[in-house]
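> here is a sequence with its predicted model. Questions after.
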Amino acid sequence: MSTVRGRPFPWLPYAITLVLIILFAVFPILSVWIVYLIADPNGCRVDEAGVYPCIVNGTDIGGLLAFMGVLGWLMLATVPMGGTALLFWGIALLSHIIYRRYKADRDRMRDPQ
């Protein structure tokens, strides 16, 4: 299954695409997680109501934390889109594997050695 006429199956493009789909879907969740990893130890308040001062190493990053926290709402779009993309990715992968297997069987039937 892994080779057709000496060519290995192209797993790398499928793996890269899978990683990109997962990163796209999970990015807003990671953003909110990073916000609270920074805000909690520094005693900063972060919510959607507004921007609050948050001094970390002498720099106010309250605006950045608020922005990154609000990005969490994007998961309402990115998670379903990532799930749909993952479904299509799986269909494409299975189709490619089945096609290669069919092609290898057809070639073997034509040219038995």
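Received, thanks. Numbers count the residues shown, from 1 in each chain.

> how far out from the middle of the chain is the longest helix seen in the chain?
As assigned by DSSP state H, the longest helix anywhere in the chain is helix 75-110. On the basis of Cα atoms, centre = their mean, to the nearest Å, helix 75-110 sits 17 Å off its chain's mean C-alpha point.

> please apply the same query to stretch 31-47.
That offset, for stretch 31-47, works out to 23 Å (Cα atoms, centre = their mean).

> show the end-to-end separation of that stretch, please.
13 Å (Cα to Cα, to the nearest Å).

> what does it rub up against?
By Cβ atoms under 8 Å, 6 or more residues apart in numbering, the residues outside stretch 31-47 that reach it are 52-56, 61-62, 65-66, 68-69, 71-72. C-betas here are computed from N, CA, C, even on glycine.

> report the buried residues of stretch 7-15.
Within stretch 7-15, the residues that count as buried by 16 or more other Cβ atoms under 10 Å are Y14.

> once you drop chain neighbours, what's closest to the one residue sitting closest to the centre of the chain?
If you average the C-alpha coordinates of the chain and look for the closest C-alpha using Cα atoms, centre = their mean, you land on I22, 1.7 Å from that point. Among residues not flanking I22 along the chain, G82 sits closest, at 6.9 Å (Cβ to Cβ, 6 or more residues apart in numbering).

> so who does that neighbour touch?
Applying Cβ under 8 Å, 6+ apart, one finds that G82 lies in contact with I21, I22, F24, A25, V26.
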